[in-house]
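Undergrad: this one's structure only:
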């Protein structure tokens, strides 16, 4: 191999290594930014849900007209009232409002969330392993926990924070042994990251193409110069 070829190969290798280092660092930075964005989205959603639950709780629940889709909650006392005209109304407490809002959110593909507890009244609120471990750590004073897991549609950012017993909560939960300020359970939020992974892959592909083009351009230019 003559000196010209060695020089061209060396320059090309330096360019490839430079772009490779840039690709790795850019990918890490993008992933970090995506995780922070997903965490902030989950925090904002958590606060919005808490405010919604507080509003429902302060008004001692909501009553909706009973229909084929709007059914009564078997876990509520005095969960049904009948108007003089025969119209039946069923009660919605904060937990049911949260569950039904989550169903709406899940249909959009944006996110989904659920109420969970170590002492669930409703069997549907039994925690999974991630939620159970998180709630045990909440008892130790940890304010929030997040993690990235793999789901059927790709990576999912999971965020969970505790639900504290408020004054208005005691009307329903005092009989369960809870006191003001106790951790009633937790709000678990899941945000899919498929959109972010798609953007990261697209950006990495673009960097790789630039690197390949740069190597070819430099190799051709050096060959012509020599």
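TA: Looks like it arrived, so ask away. As the structure is a computational prediction, the values presented were derived from the model and not from experiment.
Undergrad: tell me the first helix or strand C-terminal of the worst-scoring helix or strand of the chain on mean pLDDT.
TA: Of all helical and strand segments in the chain, the minimum by mean pLDDT, DSSP states H and E falls on helix 170-173, at a mean of 58. Per DSSP states H and E, helix 170-173 leads on to strand 183-192 as the next helix or strand towards the C-terminus.
Undergrad: for that following strand, buried residues please.
TA: Neighbour-count burial for strand 183-192 flags 184-192 (criterion: 16 or more other CB atoms under 10 Å). All C-beta spots, glycine's among them, are computed from the backbone N, C-alpha and C.
Undergrad: so what secondary structure elements neighbour it?
TA: In terms of contacts (3 or more CB pairs under 8 Å, 6 or more residues apart in numbering; DSSP states H and E), strand 183-192 is packed against helix 3-58, strand 112-116, helix 129-138, strand 154-164.
Undergrad: redo these as TSV? Include mean neighbour count.
TA: Output for those, formatted as TSV (neighbours: other CB atoms under 10 Å):
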stretch	mean neighbour count
helix 3-58	14
strand 112-116	22
helix 129-138	17
strand 154-164	20
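Undergrad: these: which one's closest to residue 90?
TA: Across those, residue 90 has its closest neighbour in helix 3-58 (13.9 Å, CB to CB).
Undergrad: tell me the contacts of residue 182?
TA: Contacts for residue 182 (CB atoms under 8 Å, 6 or more residues apart in numbering) come out as 164-165.
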